[in-house]
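Q: Sequence and computational prediction follow.
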Amino acid sequence: PSYAERLAPYFEKAGATVIPCPTVVTELFDDNEDACVTLRRALTSRAESYDYIAFTSRRGVEAALRVGGDEFVRRLNSGEMKPTAIALGADSSALEAGGVRLSSILVP
């Protein structure tokens, strides 16, 4: 379910009338090789120039894990990479499920 579908019952319980109107659609970009190359480079070879990598959605986590692959996870877990991964709730759980140790994730 979408975020709106999960939040709607809380608003309805508080007496609101909910009219879902999604305005953002996220899609994986597996078929866009340029985007994959750019993201892979950002997550591996260019990552040393970042202090943090902030994940704001599970889709972002999924893309990073898929495109960055085992090399990205290994480098985060080993401490070889300077950036710290930042993720909240389900996003940190998704990183963990992808093999990133919780100790490698800053959960504010």
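A: Okay, I see it.
Q: residues near the closest residue in space to Thr44 that isn't next to it in sequence, how many?
A: Excluding the flanking residues, the one nearest Thr44 by Cβ to Cβ, 6 or more residues apart in numbering is Glu71, at 5.6 Å. Placement of C-beta: from N, CA and C, glycine included. Using other Cβ atoms under 10 Å, Glu71 has 13 neighbouring residues.
Q: model confidence over the helix or strand containing Glu71, on average?
A: Assigned by DSSP states H and E, Glu71 falls within helix 58-78. Helix 58-78 carries an average pLDDT of 88.
Q: ok now that helix, how far from the chain's centre?
A: Distance of helix 58-78 from the chain centroid (Cα atoms, centre = their mean, to the nearest Å) equals 9 Å.
Q: residues making contact with the next helix or strand along the chain from it?
A: Note on helix 58-78: by DSSP H and E, the next helix or strand toward the C-terminus is strand 84-86. For strand 84-86, contacts defined as Cβ atoms under 8 Å, 6 or more residues apart in numbering pick out 51-55, 76, 95, 100, 104-108.
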